[in-house]
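K.L.:
from the sequence below, what's the structure:
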Amino acid sequence: MGLDFAALRRWPDVEAENLFATDAADRLILDEANEAIRSAPPGTVVVIGDHYGALTLGAADLGARGIRTHQDALSGELALAANAERVGLVGRFASRGLDAELLSGARVVLLALPRGLDALDEIAEAIALHADAGAVVVAGGRVKHMTTAMNDVLLRHFGQLDVTRARSKARGLIASGPRPPGRSVWPKRRHDDALDLDVVAHAAAFGGAAVDGGTRLLLDQLDAALPEATEAIDLGCGTGVIAVELARRRPGLTVIASDQSAAAVASASATAEVNGVTDRVRVIRDDALSSQPDGSSSLIVLNPPFHIGSTVHTGIALKLFTDGARVLAPGGELWAVWNSHLGYRPALQRIVGPTRQITRDRTYTVTASVRR
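P.N.:
Numbers count the residues shown, from 1 in each chain. Predicted coordinates for the structure are as follows:
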């Protein structure tokens with residue numbers, strides 16, 4: 001293989017010494033699928049879950065044409081595009097949603113295993129539903145992140161599963177014989193009695209159809225969050241619970257719900273629809289708030305993630321704080337909830353402005369930061 005993996009970067013995602021654009025699982029998947037990729041007719045190779053482009057560009061380097069690819073994270077899509085430019089493989093792939101447009105007629109599917117079993121289930125279901133009857137899925141991941149339950153999930157949707165030997169702390173799962181479901185079970189919908197709210201969630205959306213404790217604590221305080229505001233942004237909106245609750249509680253407020261996750265955007269759009277607030281909640285897919293002008297918002301609410309993929313890392317939260325500060329107008333406020341042990345208050349004070357604690361429980365802290 002001629003692709004220089006060392007040339008690939010994570011940008012515009014967070015970059016650090018302990019964060020990498022590719023790993024041993026990417027190489028294992030490409031090696032296991034080498035022959036199938038080389039013999040696949042144009043337009044029949046699909047890549048799902050590619051982190052920063054190694055799988056897609058590796059398949060292109062092996063001769064695949066008309067590759068269709070799905071990455072949940074927008075930062076992954078942008079990194080793939082930048083890496084394709086870097087290694088001279090522009091125009092060899094097209095990004096799609098997790099649907100029939102991505103998978104129809106697919107014969108070879110390269111899959112970077114997701115962290116969650118539900119996410120794997122929705123992906124496997126989609127492949128079985130839409131791909132060619134002779135499709136082969138070559139999946140892989142780091143051994144420390146894999147469980148035998150992943151085998152069970154794949155066997156619900158495929159007639160045969162082969163497990164490769166471990167190599168460089170990675171292992172492959174090769175599934176064939178797709179068994180189309182009678183109907184799709186995704187997304188899922190759940191009614192939250194405490195909020196009297198219906199939550200709709202695709203599998204890869206954070207928290208699923210449940211409402212996490214940090215979000216509940218933030219919601220308890222939101223009536224006091226800049227009551228005079230007429231617009232707000234729910235940054236990293238997930239399933240859209242905060243955005244929808246803001247719109248329901250404040251009839252004069254319009255809300256932008258923003259997330260880089262395709263699953264989150266689809267979930268938040270559905271949650272807004274079933275709760276009847278689509279006229280005041282606009283859902284967008286964005287890398288942080290890159291599409292929003294400087295100084296354009298008076299109120300931003302945020303429940304930031306504290307991990308990047310499988311790595312606990314504060315980099316993504318700091319990126320969101322920084323972009324939030326840029327988009328806030330002077331005097332605007334960023335209300336955030338975070339795991340108390342992370343101690344984000346000094347960072348918020350430095351990046352956004354004067355920060356006060358609103359409340360705290362045994363696990364979470366809610367703060368409000370005023371833009372200088």
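K.L.:
G238 versus G141, what's the distance?
P.N.:
The span separating G141 from G238 equals 24 Å under the rule Cβ to Cβ, to the nearest Å. Using the backbone N, CA and C atoms, a C-beta is placed for each residue, glycine as well.
K.L.:
ok, R38 - how many residues close by?
P.N.:
Close neighbours of R38, defined as other Cβ atoms under 10 Å, add up to 12.
K.L.:
doesn't it lie inside a helix?
P.N.:
Yes - with the criterion set as DSSP: H, G, I helix; E, B strand; the rest coil, the secondary structure at R38 is a helix.
K.L.:
that one touches R65, doesn't it?
P.N.:
No - if you go by Cβ atoms under 8 Å, R38 and R65 don't touch, sitting 11.3 Å apart.
K.L.:
I'd guess I233 is in a helix, am I close?
P.N.:
No - under three-state DSSP, I233 sits outside any helix and is assigned strand.
K.L.:
and it, what pLDDT?
P.N.:
Taken from the predicted model, the pLDDT recorded for I233 is 98.
K.L.:
quick check: bridge partners of it?
P.N.:
In this entry, I233 is beta-bridged to I256, I300, by DSSP bridges.
K.L.:
ok, it to V108 distance?
P.N.:
40 Å.
K.L.:
swap in I358?
P.N.:
Looking at I358 against V108, where the rule is Cβ to Cβ, the gap reads 52 Å.
K.L.:
out of these two, which sits in the busier spot?
P.N.:
V108 (26 against 19).
K.L.:
hmm, that one is touching G134, no?
P.N.:
No - V108 sits out of contact with G134 when judged by Cβ under 8 Å, with a separation of 10.0 Å.
K.L.:
where does the stretch 1-150 of the chain have low pLDDT?
P.N.:
Low-confidence regions of the stretch 1-150 of the chain, defined by pLDDT under 70, span residues 1.
K.L.:
which parts of it are helices?
P.N.:
Under the criterion DSSP state H, counting those that start in this stretch, helices of the stretch 1-150 of the chain are mapped to 24-32, 34-39, 54-61, 74-87, 100-103, 117-130, 148-157.
K.L.:
out of the ones you listed, which is the most enclosed?
P.N.:
Ranked by mean neighbour count, the helices of the stretch 1-150 of the chain are led by helix 54-61 with a mean of 27 (mean count of other Cβ atoms under 10 Å).
K.L.:
CA atoms of it as PDB?
P.N.:
The C-alpha atoms that make up helix 54-61 are tabulated as PDB, following Å, rounded to 0.1, in the frame of the first residue of the first chain:
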ATOM      1  CA  ALA A  54      -7.400   6.500   6.800                       C
ATOM      2  CA  LEU A  55      -9.900   3.800   5.700                       C
ATOM      3  CA  THR A  56     -11.400   5.800   2.800                       C
ATOM      4  CA  LEU A  57      -8.100   7.000   1.500                       C
ATOM      5  CA  GLY A  58      -6.600   3.600   2.000                       C
ATOM      6  CA  ALA A  59      -9.400   2.000   0.000                       C
ATOM      7  CA  ALA A  60      -8.800   4.600  -2.700                       C
ATOM      8  CA  ASP A  61      -5.100   3.900  -2.700                       C
END
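K.L.:
what sits up against it?
P.N.:
Contacts of helix 54-61 with the rest of the structure, by Cβ atoms under 8 Å, 6 or more residues apart in numbering, involve 1-3, 5, 8, 21-22, 26-27, 29-30, 33, 37, 45, 47, 49-50, 67, 69, 80, 83-84, 87, 89, 92-93, 110, 112.
K.L.:
which residue is nearest the middle of this structure?
P.N.:
The centroid of the chain falls nearest to S261 when counting by Cα atoms, centre = their mean (3.4 Å).
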